[in-house]
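Colleague: I would like the atomic coordinates for the input below:
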Amino acid sequence: MDINKLANPGALRTKVYVPGKSKQEVARELGLKEIIKMASNESALGASPRAKEAYAALTEELNIYPDAVSRDLRKKLSEKLGCSADEITVSNGADGVIYNLGMAIVKEGDEAIIPKVTFPLYETIVKVMRGTPIYTGMNGYRIDLKKIEEAITGNTKVIYLCNPNNPTGDAQEREAVRSFLSKVPEHILVVVDEAYIDFTSPETDPGTIELFNGGMKNLFILRSFSKIYGLAGVRIGYGIGHEDIISLIHQIKPPFNVSIVGERVALAALDDRDYVTATLKEMEEEKQKFYKTFEDFGLDYVKSHTNFILFDAGRDAKSVFEEILKRGVIVRPCNGFGLPTSIRVSIGTPKENDTFLSILKEVLKP
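Modeller: This is a model prediction of the structure:
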């Protein structure tokens, strides 16, 4: 079989997404029994207690197909966000929404503007659909909005803006985002990925939902239950966009790509404000430990608006990652993101954070 003849040419242009190592993988490779995973931006507090209760109540319904378009969850989200349920789509993680949207709108030859250092799945779906990624430069660790403006051409179909950005953890200032969005021509769709928006301060949050509800219909906003609600394992995310785009997505997406488990636990998690408040409080307290250690060692880092921190180890990130891994902690080297000396570390429990910082000091000591 000649895969080059069989394959979609767009698929051949993509790179394999490399996730953070799992505990099981590290246990097999290194024979370690005590392993701490701080590589994939999972919630240190686990899932929302209300979500756990909803999950436990589902045992008698696991043989039933879920609602193909998640009507109950879309209705509840619409009430929370102030938009119509017809302007919301739900999928298996924000990743699923990215793929569904790309399949619905990107065609061969369409240009998609993507910052050089950001979440890689935007590039993947654009290439699969035989679109043309246009990469824009960074301003240090920050996405350069001016360079995105300058990259717009008559062929631009979509702009991807991850804010706060993954893997840097940086967030744009509120007025900078609003000014940028006001300059984008109305026929160009701006996909604003806000998977980490719950971790930002009110002063930083650009209020994209408010802009969308106010009439800016060339916005498509991505959100996730994986981060603030601790539901990464059930894979559920959603998108907010013009009802015609949502209708088209529902026309082409797989009918049951959100499980009954995902929808029910997400519905329950939305009501658990105590869990969200506790998560944010602990996150802010724990970040200060990281900042102090980085400053003591003279390491550059990005002040985080997420549940992870990016820092510059000052040497090859992969070698530092391997030394940390040997001591039982999994972090994420960012060589694959074009940051050869940077490491992304998720905020864990206080004990996990103390362990990581102690190991980091040992690895980086002169």
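Colleague: CA atoms for contacts and neighbours, from now on please.
Modeller: OK.
Colleague: Name the next helix or strand downstream of the lowest-mean-pLDDT helix or strand in the chain, please.
Modeller: Of all helical and strand segments in the chain, the minimum by mean pLDDT, DSSP states H and E falls on helix 3-6, at a mean of 81. Downstream of helix 3-6, the first helix or strand assigned by DSSP states H and E is helix 9-12.
Colleague: how close does Leu310 sit to Val192?
Modeller: 21 Å (CA to CA, to the nearest Å).
Colleague: Compare neighbour counts for those two and give me the winner.
Modeller: Leu310 (24 against 20; other CA atoms under 10 Å).
Colleague: Confirm that one sits in a helix?
Modeller: No. Judged by DSSP: H, G, I helix; E, B strand; the rest coil, Leu310 forms no part of a helix; its state is strand.
Colleague: so it touches Ile343, yeah?
Modeller: Yes. In terms of CA atoms under 8 Å, Leu310 counts as a neighbour of Ile343; the distance is 5.6 Å.
Colleague: can you list the residues that contact the least confident helix or strand of the chain?
Modeller: Among residues not part of helix 3-6, those counted as contacts by CA atoms under 8 Å, 6 or more residues apart in numbering are Leu12.
Colleague: hmm, try it at 6 Å
Modeller: Around helix 3-6, nothing counts as a contact under CA atoms under 6 Å, 6 or more residues apart in numbering.
Colleague: swap in stretch 129-143?
Modeller: Contacts for stretch 129-143 (CA under 6 Å, 6+ apart): 10, 107-116, 144.
Colleague: check which helix or strand covers Thr277.
Modeller: Per DSSP H and E: helix 273-296 holds Thr277.
Colleague: Can you give me the end-to-end span of stretch 294-303?
Modeller: 11 Å.
Colleague: I'd like the average pLDDT over it.
Modeller: Mean pLDDT, stretch 294-303: 96.
Colleague: Pull out the buried residues from that stretch.
Modeller: Judged by neighbour count using 16 or more other CA atoms under 10 Å, the buried positions of stretch 294-303 are 294, 301-303.
Colleague: Show me where the chain dips below the pLDDT cut-off.
Modeller: The model of the chain has no residue with pLDDT under 70.
Colleague: any chance you could map the strands in this structure?
Modeller: Here the chain has its strands, by DSSP state E, at 36-37, 88-91, 111-115, 132-136, 138-139, 142-143, 156-162, 189-193, 219-224, 237-240, 308-312, 329-330, 332-333, 342-346.
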